[in-house]
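*Asks:* Structure of the sequence below:
(2 chains, ligands or ions: 2)
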2 protein chains.
Amino acid sequence: MLEQLSSHLQWWESSRVLRGRLYPLSSPSVFFSTHRTLHAANDGPKSLSDTPPPRRPFSRVTEEDLTFFRTLLPDRTITDPDLLESSNVDWLKSVKGSSEVLLRPQTTEEVSQILRYCNSHNLAVNPQGGNTGLVGGSVPVYDEIVLSTSLMNNILHFDDVSGILTCQSGCILENLSLYLEERGHIMPLDLGAKGSCQIGGNVATNAGGLRLLRYGSLHGTVLGLEVVLADGRVLDCLSTLRKDNTGYDLKQLFIGSEGTLGVITAVSILCPQKPKSINVVFLGCETFEQLLKTFQLSRRMLGEILSAYEFLDSECLNLLKTHLKLHNPISDCPFYIVIETQGSDPNHDEEKLHNFLEQAMTSSLVVDGTVATEEGKIKALWSMRERITEALRHDGFTYKYDISLPVERIYQLVTDMRQHLGGRAKSVVGYGHVGDGNLHLNITSPAKNPTLLAAIEPFVYEWTAKFQGSISAEHGLGLKKRNYIHYSKSSQAVALMGTIKAMLDPNGILNPYKTLPDNLK
Amino acid sequence: MLEQLSSHLQWWESSRVLRGRLYPLSSPSVFFSTHRTLHAANDGPKSLSDTPPPRRPFSRVTEEDLTFFRTLLPDRTITDPDLLESSNVDWLKSVKGSSEVLLRPQTTEEVSQILRYCNSHNLAVNPQGGNTGLVGGSVPVYDEIVLSTSLMNNILHFDDVSGILTCQSGCILENLSLYLEERGHIMPLDLGAKGSCQIGGNVATNAGGLRLLRYGSLHGTVLGLEVVLADGRVLDCLSTLRKDNTGYDLKQLFIGSEGTLGVITAVSILCPQKPKSINVVFLGCETFEQLLKTFQLSRRMLGEILSAYEFLDSECLNLLKTHLKLHNPISDCPFYIVIETQGSDPNHDEEKLHNFLEQAMTSSLVVDGTVATEEGKIKALWSMRERITEALRHDGFTYKYDISLPVERIYQLVTDMRQHLGGRAKSVVGYGHVGDGNLHLNITSPAKNPTLLAAIEPFVYEWTAKFQGSISAEHGLGLKKRNYIHYSKSSQAVALMGTIKAMLDPNGILNPYKTLPDNLK
Ligand SMILES: Cc1cc2nc3c(=O)[nH]c(=O)nc-3n(C[C@H](O)[C@H](O)[C@H](O)COP(=O)(O)OP(=O)(O)OC[C@H]3O[C@@H](n4cnc5c(N)ncnc54)[C@H](O)[C@@H]3O)c2cc1C
Ligand SMILES: Cc1cc2nc3c(=O)[nH]c(=O)nc-3n(C[C@H](O)[C@H](O)[C@H](O)COP(=O)(O)OP(=O)(O)OC[C@H]3O[C@@H](n4cnc5c(N)ncnc54)[C@H](O)[C@@H]3O)c2cc1C
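*Replies:* Ligands and ions are numbered 1, 2, ... in the order given. Predicted structure coming up:
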């Protein structure tokens, strides 16, 4: 969470510097910071890939349209530019649209009427949840109408026998968590953005987050969706059943579709029991191979209580020491592990941990370690993992990659990148979710460095593609990564996505310029 | 498992009686037993619903076609009627096709060539795995070519760090289980049919089974699929990543699509650790409300080790006593619970169980109970749940319903049905997977009884629909239930399924007459 927060600050700073210069506010609607996850925006042959394509020939909002919206949503049709500002700019302050209308429906019927109207009047629509997305998907590119779900925030039902929650899509994740915790349950997902992001946005981005290792992806935990299609038809797949094999599982199509196939208006989701006990361990390893062997051992010995298995390398730890004055709680090692357990019996969990640690130590898989069982120390240990991005920010300009790989390849990318870059980078560090095969590769430089960037890309994408990795493990493609989809998906698959888009949204009014590559068809 | 086996015997017997009489073997290709899950085949106004629609105008296989297939698959193009027999008849012996060609490809490329050829020659194709499906989906209705995946049985890769298995779709579930168990893992699903069913068939039917409560559905555990589309295009979504948010998750479309959208040729799947300890408890409750409260308690106190929560009512137990001479291991109660735990530490699991039982007893949620920790006694307790269908078979002709409902409604359907039927039925019993909200409602009669059936249906479907239940919790729709889809899915949803079918299989060659209702479009 801290990681994301500091990343936010970094973006914000760089965008503030650049905004006025590159894109005067009166100019056509989109700007980028030159942040590292934007591929060579001004630095190389691929410079156009992130730039949005020209505005498509959608209609522009007329007074007549506004009259319709105001009649439908009195007081909830926003046209005041000041009020619209925060809906036009993304959380990272890296992308800015120029929408002149923000609609705030409260009911599915209202969403349906809005879309039916927009579809028949050729008006483009940008569905928006908490606007915390990291790939420029949540804000308009040009003058798309912003359809916000923020007022659709009712909990519809909770069944504390089955743990199944049904709610409108605009419920904020943290509010759902609090509601459930009072009832002995937790949400199956947890993100740094929980205070702002909405369950609809989580589903639309298929958000991963901190509990995926334990509770799996939303494709498994989401039981039902209600979705309004581009033409206003309401697709009711709001099942609250764990098992239902009557026909195709349509809701799956909308999980991770980033607002391009329909507007999610309600969600039902399976919620696990709240754990009674939480423990965190910080360990050191000599090699990444031992770190992987320790992962296997932890899965075997911690079994059902393992809830997180994260890693960082010694370069990360050096940055934490240098820039944040954090203290290494154990002796210096090439690799560090953060393990979390969540269980229903504190004594059992501690005993399992103890046995696991003894085994890991005696078999020399880990060389040092420390355990935390109370909250303060748990937080301190977690900060060794969570504050890395903050440390990186102090190290210099950072090129960040969120890569998913077969777990045995994770660190090889870091090593290969180091070798490939030679002395050109200041730091090349690796950390991430070993348990999910999700690597955060970060490369710093004293300042923004086009030559360095050209050395990193497309090397990093090609490397990832070679090992069937994903170039976006959890954030989606949105506006920013849409043209890189081919590194992770076959052309047949991309073509089929285009066919599905055309089937569900033939006029292309829903979140245009996002998720699918420009060269489609 | 026993349940399914005895159900099989029952079907087999009834169909043997009826086969010659109703459908001489030389006649057009399809016959039904008058089993209870076939809705009133000859008994009422809905009598045509299960009957297949007329043969669609597909081409008939010619000598030229056979020459093509024999060149492509020498020795693996089967036309001998004796060898074809078992591919034309389903496991329940309730449906029979009259295909004259069985193709047994070994590679994805061969499947691709077959489909490309069939699609361009307007030849219908029936994908077939282990042929254990229970809804008539796995065998041809008329003369569709049977495409069997039985020879596509190679394990392609297993990563014992991440637990991710990749294999061809024809691998038999039990073989995969054995392979994994040697490597400290288990499959995330387990079915009575495991000795015959194939992973491709499991995915195509989105099979539930015994481990769903713990490990979730295949929509969460299947990480990748390779699918050959109707026109022979190979769709490679065979990701082996836990996280990948690059575009729409296309593989989800094929999970549960029953061979109507593509032929699954390879699967990658996330496999859990093998548990070190298993315990089973048999408990008695006074009311169903207490049984549900006990479920909540078990989720709270057994937490992460709970792997099954099944129930049966006293009528079931009476049948077990009367017909199978099974002994009630505890005192007589209105409701019984079977709980299973799986964990990584035998002592911890036993202690958790002990604490849970103490709490359940002292708070009078359960009135009696017994625990088994060694294999023989575990099996004996499980047989109280697993042998119910066998007992039902001895009780008379059985009308069976596999219904999914919000968990708090499960037993109400049984009570309401009892009241509704009054004295017309011999027994009305309920049992099933409380943990999954999956009820097995069974109604017996001394003999087949059209009046009784007319009293049960459509009452049972209407009741289920009223509470947003599913009329097919885990078996799919296939041929037999295709026309009942509207009880569980909105017409918008069904229409969209039709659009998806038309998109992926415009000529409708893949598994025609299955899954989607006849009145579509
Ligand atoms: C500090 C921070 C931490 C984060 N941590 C994680 C993390 O750990 N794991 C992770 O996976 N992601 C993470 N993210 C990114 C993640 O994608 C979002 O936080 C979240 O899932 C988006 O929800 P939202 O409501 O803010 O959606 P928005 O940002 O508003 O929208 C995101 C996308 O979904 C679409 N959308 C939103 N609502 C709907 C709807 N109702 N119907 C249809 N489409 C809709 C939008 O059009 C857009 O394309 C983080 C972001 C931040 C800022
Ligand atoms: C004794 C017994 C116990 C059972 N227990 C359970 C249970 O607990 N839970 C449960 O959910 N089900 C259960 N079933 C039914 C279940 O659907 C099947 O056992 C299994 O999932 C089907 O696998 P199969 O390989 O036999 O597929 P088949 O029966 O051959 O085919 C089933 C359907 O899938 C399609 N299909 C098969 N392979 C492919 C492929 N490679 N590509 C595309 N389509 C394909 C077929 O066309 C057909 O429509 C049981 C069945 C039996 C006989």
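
*Asks:* Let me see the contact set for A:His121.
*Replies:* In this structure, A:His121 makes contact with A:59, A:65, judged by CB atoms under 8 Å, 6 or more residues apart in numbering or on different chains. Where C-beta positions appear, they are placed from N, C-alpha and C, glycine not excepted.

*Asks:* er, A:Glu462 I mean
*Replies:* In this structure, A:Glu462 makes contact with A:Tyr487, judged by CB under 8 Å, 6+ apart.

*Asks:* My reading is that it lies in a helix. Confirm?
*Replies:* Yes. With DSSP: H, G, I helix; E, B strand; the rest coil as the criterion, A:Glu462 is located in a helix.

*Asks:* tell me the pLDDT at it?
*Replies:* Taken from the predicted model, the pLDDT recorded for A:Glu462 is 93.

*Asks:* what does the one 3 residues further on give?
*Replies:* A:Ala465 is assigned a predicted lDDT (pLDDT) of 92.

*Asks:* Flag every buried residue along the helix or strand hosting it.
*Replies:* In this assignment (DSSP states H and E), A:Ala465 forms part of helix A:459-466. If you call a residue buried by 16 or more other CB atoms under 10 Å in any protein chain shown, then helix A:459-466 has these buried ones: A:460-461, A:463-465.

*Asks:* Residue numbers of the stretch 251-400 of chain A in contact with ligand 1?
*Replies:* Proximity of the stretch 251-400 of chain A to ligand 1, by CB under 6 Å from any ligand atom, involves residues A:258-259, A:263-264.

*Asks:* ok so, going back, how about the next helix or strand after the helix holding A:Ala465, does it reach ligand 1?
*Replies:* Note on helix A:459-466: by DSSP H and E, the next helix or strand toward the C-terminus is helix A:491-504. No. Using CB under 6 Å from any ligand atom, helix A:491-504 stays clear of ligand 1, coming no nearer than 12.0 Å.

*Asks:* now helix A:491-504: mean pLDDT?
*Replies:* 97.

*Asks:* Then stretch A:392-404?
*Replies:* On average, stretch A:392-404 scores 86.

*Asks:* Quick check: the farthest pair among the buried residues of helix A:459-466?
*Replies:* A:Val460 and A:Ala465 (9.7 Å; CB to CB).

*Asks:* any weak-confidence spans in chain A?
*Replies:* In the predicted model of chain A, residues A:1-50, A:521 satisfy pLDDT under 70.

*Asks:* same thing but at 80, please
*Replies:* Within chain A, the stretches with pLDDT under 80 are A:1-50, A:92-94, A:161, A:191-192, A:209-210, A:386, A:389-390, A:393, A:400, A:521.

*Asks:* closest point of it to ligand 1, which residue?
*Replies:* In chain A, no residue comes nearer to ligand 1 than A:Gly201, which is 2.0 Å away by CB to the nearest ligand atom.

*Asks:* ok, now which residue in chain A is the farthest from the centroid?
*Replies:* The C-alpha centroid of chain A is most remote from A:Thr362, which lies 38.5 Å away (CA atoms, centre = their mean).

*Asks:* now A:Phe68, nearest residue through space, not along the chain?
*Replies:* Counting by CB to CB, 6 or more residues apart in numbering or on different chains, A:Tyr117 is the residue found nearest to A:Phe68 once chain neighbours are left out, at 5.9 Å.

*Asks:* Could you pull out the buried residues of the helix or strand harbouring that neighbour?
*Replies:* Taking DSSP H and E as the criterion, A:Tyr117 maps to helix A:108-120. Neighbour-count burial for helix A:108-120, with 16+ other CB under 10 Å as criterion, is recorded at A:108, A:110-119.

*Asks:* Same check on stretch A:183-197?
*Replies:* Of the residues in stretch A:183-197, A:185-194, A:196-197 count as buried by neighbour count, 16+ other CB under 10 Å.

*Asks:* Put together JSON lines for the residues you listed, with secondary structure and distance to ligand 2 on each row.
*Replies:* Listed next are these as JSON lines, based on DSSP: H, G, I helix; E, B strand; the rest coil; distance: CB to the nearest ligand atom, whole Å:
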{"residue": "A:His185", "secondary structure": "strand", "distance to ligand 2": "27"}
{"residue": "A:Ile186", "secondary structure": "coil", "distance to ligand 2": "28"}
{"residue": "A:Met187", "secondary structure": "coil", "distance to ligand 2": "28"}
{"residue": "A:Pro188", "secondary structure": "coil", "distance to ligand 2": "23"}
{"residue": "A:Leu189", "secondary structure": "coil", "distance to ligand 2": "27"}
{"residue": "A:Asp190", "secondary structure": "coil", "distance to ligand 2": "31"}
{"residue": "A:Leu191", "secondary structure": "coil", "distance to ligand 2": "33"}
{"residue": "A:Gly192", "secondary structure": "coil", "distance to ligand 2": "38"}
{"residue": "A:Ala193", "secondary structure": "coil", "distance to ligand 2": "37"}
{"residue": "A:Lys194", "secondary structure": "coil", "distance to ligand 2": "35"}
{"residue": "A:Ser196", "secondary structure": "coil", "distance to ligand 2": "40"}
{"residue": "A:Cys197", "secondary structure": "coil", "distance to ligand 2": "35"}
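
*Asks:* could I get those residues as JSON lines with distance to B:Gln273?
*Replies:* What follows is the buried residues of stretch A:183-197, written out as JSON lines (distance: CB to CB, whole Å):
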{"residue": "A:His185", "distance to B:Gln273": "24"}
{"residue": "A:Ile186", "distance to B:Gln273": "22"}
{"residue": "A:Met187", "distance to B:Gln273": "24"}
{"residue": "A:Pro188", "distance to B:Gln273": "20"}
{"residue": "A:Leu189", "distance to B:Gln273": "22"}
{"residue": "A:Asp190", "distance to B:Gln273": "23"}
{"residue": "A:Leu191", "distance to B:Gln273": "26"}
{"residue": "A:Gly192", "distance to B:Gln273": "29"}
{"residue": "A:Ala193", "distance to B:Gln273": "31"}
{"residue": "A:Lys194", "distance to B:Gln273": "29"}
{"residue": "A:Ser196", "distance to B:Gln273": "36"}
{"residue": "A:Cys197", "distance to B:Gln273": "32"}
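
*Asks:* if we take these, which one ends up nearest to B:Pro54?
*Replies:* The shortest separation between B:Pro54 and any of these is 47.1 Å, and it belongs to A:Pro188 (by CB to CB).

*Asks:* about what we covered before: dump the helix holding A:Ala465 to PDB, restricted to CA.
*Replies:* As requested, the backbone C-alpha atoms of helix A:459-466 are provided in PDB (Å, rounded to 0.1, in the frame of the first residue of the first chain):
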ATOM      1  CA  PHE A 459      14.200  -6.300 -24.100                       C
ATOM      2  CA  VAL A 460      12.000  -6.700 -21.000                       C
ATOM      3  CA  TYR A 461       8.900  -7.500 -23.000                       C
ATOM      4  CA  GLU A 462      10.600  -9.800 -25.400                       C
ATOM      5  CA  TRP A 463      12.200 -11.700 -22.400                       C
ATOM      6  CA  THR A 464       8.800 -11.900 -20.800                       C
ATOM      7  CA  ALA A 465       7.100 -13.100 -24.000                       C
ATOM      8  CA  LYS A 466       9.900 -15.700 -24.500                       C
END
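
*Asks:* Thank you, goodbye.
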